[in-house]
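[1] Give the three-dimensional model of this entry:
(2 chains)
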Number of protein chains: 2
Amino acid sequence: MSSEAVLDFKAYLAEKRGIVDAALQGYFPESEGLTSDLVKAMRYSLFAGGKRLRPILCIAGAEAVGGSGKNVVPVACALEMIHTYSLIHDDLPMMDDDDLRRGKPTNHKVFGEPIALLAGDGLLTEAFSVMTSPEISGRVSPQSLLQAIRVIARAAGHEGMVGGQAVDIQWQGRPADLGVVKFMHTHKTGAMITASVASGAILAGADGSQLRAITSYGEKIGLAFQISDDILDIEGDSETMGKRSGADEKMGKMTYPAVLGLDPSKTIEQELVQGAIEALREFDHRAEPLRRIAQYIIERKK
Amino acid sequence: MSSEAVLDFKAYLAEKRGIVDAALQGYFPESEGLTSDLVKAMRYSLFAGGKRLRPILCIAGAEAVGGSGKNVVPVACALEMIHTYSLIHDDLPMMDDDDLRRGKPTNHKVFGEPIALLAGDGLLTEAFSVMTSPEISGRVSPQSLLQAIRVIARAAGHEGMVGGQAVDIQWQGRPADLGVVKFMHTHKTGAMITASVASGAILAGADGSQLRAITSYGEKIGLAFQISDDILDIEGDSETMGKRSGADEKMGKMTYPAVLGLDPSKTIEQELVQGAIEALREFDHRAEPLRRIAQYIIERKK
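    Numbers count the residues shown, from 1 in each chain, chains lettered A, B, ... in the order given. Okay, the predicted model is just below:
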C-alpha cells in the first residue's frame, strides 16, 4: 500500500469520525436539570475517545452500494450509543469489574454504579429514539428504516450481543471450547459489527445480492476483529489497549489464542480478512473504505 | 356502578390479558441452547404475574379511536417487555435492593446479578425488535409505527422513565420536595403509561385532537397510579402488594404522602382520575375501557 493511499484512508476515517462526533454532541447537549448527572454520565462514556468503528461501518456500508453516507448519520450515531451502553454495563463490578476503559476510569468509578447502570439503559433506549426521529425518517424510506432498526435490535439483543455477553459471563473459568468461543465472539462483537454495515446498506437501498455480500463481509470482519482483540490482549501493551494487557487470561476468559494457540489464531484472522475483502468483489471503488477497514484490523497491531 | 358492568370490565381485562400473555409466550419460547439461562431469566420476570396494565392501555387506546386492538398487540407486548426490564434493573442490589416482587423472589435472587442485568438489557432490546417485526409492520402504516416507536423510546429513556429513576435514586434520604416528587412520578411511571395509551391511538390513526385528549388522559392516570402506589405502600398489606408495606418510608423514598400527607394525596388522586375521564368526553362508548381503567386505580385499594 502506498503512503498516499494510507493517508487517504486516515483522512476518510477522520472525516467520518468528525461527522459522527458532531452529530452525537447535538443529541446530548449538557443540561443543568434534575437529570444532569445522568446526562453527564452518558456523555462521559460516549465521548471517551471511541474510534467510531460501528458508525463508520454504517456510513461506508451506505456508500458502498451508492447511497449517501450523510443520510444514515442518525443510525450511525445510534450504533455508537448501543456500543457505548454495552461497554458501561460490561465494566460494572458484577460483570467484568473493570476500573479502566480506553485509559480512563470506567463510568461507575466516576458516577457510581446506579447512575452507570441507568446511563447504559438510557443510551440503549436513546438509540431507538434517534433512529425514529423525523430527521432520519424524512431521508430514507420508512420500510427500509424499520428493516434497519430490526436488524440492529436483533443484533443487540438476547439473540445477538446480550446473548454473547451472557455466555461470556457463564463460561468464565470453564475449560476452553472452540464452539463456545466462536458463539461468544460472533454474538458479543460480530453481530453488532455486521448490523452496522448491513443497516447502512439497507438504508441506502441495497438489493438482496448486495445485502448478502455486505452481511458476509460484516460477519467475517466481526469475528476477525474479536480474534484480533484477543491477540492484542496478549501481545499489546497497556498503552495501546488502554487497559491491562493479559487481562483476559487473568479472568479465565475464553479466547481464540487460549483454545487454538497464537499462530493458528493469526492464520484464521488473516483468512477472515481476506474472505471479507473477497465478499466485496462485485463492488466498485465506492467499497474501498470497507476494504481498508478490513485490512486495518490486522494492521493496527503492527 | 352495577355489578354487571363490573363483571364486563373484569371480563375485558381477562380477555386482553389472555391475548397479551399468549403473544408474549410466542415471542419467548423456552430454549435449550447456550443462552438458555438468559432466556429463562427473561421469561421468569415476564411471566411473574404482571397485570399487563400497559399492554391493555395500548389496546384500549387503539380501540378508543375506532381501531383494531389486535393490530397493536406486538407493540402492547413490547411495552410489557420494557416495563419488565425496568423492574428487574430497579430491584438490583445497587438500586432498590429488593428480594421480593409480586410475592416472588426477584430476578437476581434466582439467576444472579449478571444474568438479571442482561435479562433486563435483553428485554428492553427485544421490545424494539418486536415493534419492527414484519408481523406489525404489515398491519399499520410504517409512518405511524415509526411515530409510535419514537413516543415509546422517548418515554422509556433518559428524558422519561430512566431519568425519573435516576432522580429517585439520587434524592433518597433528602428532604421531601413536591417539585422533585412530581418530576419523579411523571417520569418514572407516568411517561410510560402515557406512551402506552398514546402509541395505541397513534397506530390506530388518531387525529391530532384525539391524540391530545388521549395523551392528557394518560398523563393524569399515570400520576394518579403512582400516587395510588404510594398510598398503597402505607395502607396496603404485604399480601395485596406482594412486597413489604412501608418499604418506601423505610428507604427514605420521596412520595406524595410523605410531602403532602395522606388525605391531600388522596384528594389529588381523585381529581386526577376525574380529570382523566373528563379528557375523554368527546369519545364514545369505545373509550369505556379507558374510563374504567381510570376508576380502577382508586377502586383497587378498597
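[2] Tell me the helix or strand right after the host helix or strand of A:Arg17.
    In the assignment (DSSP states H and E), A:Arg17 maps to helix A:3-27. The helix or strand immediately downstream of helix A:3-27 is helix A:36-46, counting by DSSP H and E.
[3] quick one: buried residues of that next one?
    A:Asp37, A:Leu38, A:Val39, A:Lys40, A:Ala41, A:Met42, A:Arg43, A:Tyr44, A:Ser45, A:Leu46 (16 or more other CB atoms under 10 Å in any protein chain shown). Every residue, glycine included, has its C-beta placed from N, CA and C.
[4] Let me know the closest of these to chain B.
    Among the buried residues of helix A:36-46, A:Leu38 lies closest to chain B (CB to the nearest CB), at 4.1 Å.
[5] didn't that closest one look like it was pressed against A:Ile115?
    Yes: look at A:Leu38 against A:Ile115 with CB atoms under 8 Å: they come within range, at 6.1 Å.
[6] got a list of what A:Ala153 touches?
    Counting by CB atoms under 8 Å, 6 or more residues apart in numbering or on different chains, A:Ala153 touches A:Phe128, B:Thr125, B:Glu126, B:Phe128, B:Ser129, B:Thr132.
[7] And A:Leu92, by the same measure?
    Contacts here follow CB under 8 Å, 6+ apart; on that basis A:Leu92 touches A:His108, A:Glu113, A:Ala116, A:Leu117, B:Leu117.
[8] Return the subset of these lying in helices.
    Judged by DSSP state H, helices contain the following of the contacts of A:Leu92: A:His108, A:Glu113, A:Ala116, A:Leu117, B:Leu117.
[9] just to revisit the earlier point, format the buried residues of helix A:36-46 as JSON lines; extra columns: pLDDT and distance to chain B.
    Formatted as JSON lines, the buried residues of helix A:36-46 follow (pLDDT from 0 to 100; distance: CB to the nearest CB, whole Å):
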{"residue": "A:Asp37", "pLDDT": "95", "distance to chain B": "7"}
{"residue": "A:Leu38", "pLDDT": "97", "distance to chain B": "4"}
{"residue": "A:Val39", "pLDDT": "97", "distance to chain B": "7"}
{"residue": "A:Lys40", "pLDDT": "97", "distance to chain B": "11"}
{"residue": "A:Ala41", "pLDDT": "98", "distance to chain B": "9"}
{"residue": "A:Met42", "pLDDT": "98", "distance to chain B": "7"}
{"residue": "A:Arg43", "pLDDT": "97", "distance to chain B": "11"}
{"residue": "A:Tyr44", "pLDDT": "98", "distance to chain B": "13"}
{"residue": "A:Ser45", "pLDDT": "98", "distance to chain B": "13"}
{"residue": "A:Leu46", "pLDDT": "97", "distance to chain B": "12"}
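[10] what's the closest of those to A:Ser228?
    Nearest to A:Ser228 among those, counting by CB to CB, is A:Ser45 at 22.6 Å.
[11] For A:Ala23, see how far away that closest one is.
    Counting by CB to CB, to the nearest Å, the gap from A:Ser45 to A:Ala23 is 17 Å.
[12] just A:Gln165 next, same as before
    A:Gln165 sits 27 Å away from A:Ala23, going by CB to CB.
[13] Which one of these two is surrounded by more residues?
    Taking neighbours as other CB atoms under 10 Å in any protein chain shown, A:Gln165 and A:Ala23 compare with A:Gln165 leading, 28 against 18.
[14] how about the CA coordinates for the one helix or strand the more buried one maps to, as CSV?
    Using DSSP H and E, A:Gln165 sits within helix A:161-171. Extracted C-alpha coordinates of helix A:161-171, given in CSV (Å, rounded to 0.1, in the frame of the first residue of the first chain):
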residue,chain,number,x,y,z
MET,A,161,-24.8,-9.2,21.7
VAL,A,162,-26.6,-9.7,25.0
GLY,A,163,-26.7,-13.4,24.4
GLY,A,164,-22.9,-13.4,23.7
GLN,A,165,-22.3,-11.5,26.9
ALA,A,166,-24.4,-14.0,28.9
VAL,A,167,-22.3,-16.9,27.5
ASP,A,168,-19.1,-15.0,28.2
ILE,A,169,-20.0,-14.4,31.9
GLN,A,170,-21.2,-18.0,32.4
TRP,A,171,-18.3,-19.7,30.8
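[15] who does that helix touch, helix- and strand-wise?
    Using 3 or more CB pairs under 8 Å, 6 or more residues apart in numbering or on different chains; DSSP states H and E as the contact test, the elements touching helix A:161-171 are helix A:73-91, helix A:178-185, helix A:191-203, helix B:36-46, helix B:113-131.
[16] mind checking how far it is from the chain centre?
    For helix A:161-171, the separation from the chain centroid amounts to 16 Å (computed by CA atoms, centre = their mean, to the nearest Å).
[17] what is the orientation angle of that helix with helix A:73-91?
    If you take axes from the mean of the first three to the mean of the last three CA atoms, to 10 degrees, helix A:161-171 sits at 20 degrees to helix A:73-91.
[18] tell me which residues in helix A:161-171 are buried?
    In helix A:161-171, counting by 16+ other CB under 10 Å, buried: A:Met161, A:Val162, A:Gly163, A:Gly164, A:Gln165, A:Ala166, A:Val167, A:Asp168, A:Ile169, A:Gln170, A:Trp171.
[19] Just give me the closest of these to B:Gly190.
    Distances from B:Gly190 to the buried residues of helix A:161-171, taken by CB to CB, are shortest for A:Val162, at 28.0 Å.
[20] residue contacts, that closest one?
    Counting by CB under 8 Å, 6+ apart, A:Val162 has contacts A:Ala156, B:Leu38, B:Leu118, B:Asp121, B:Gly122, B:Thr125.
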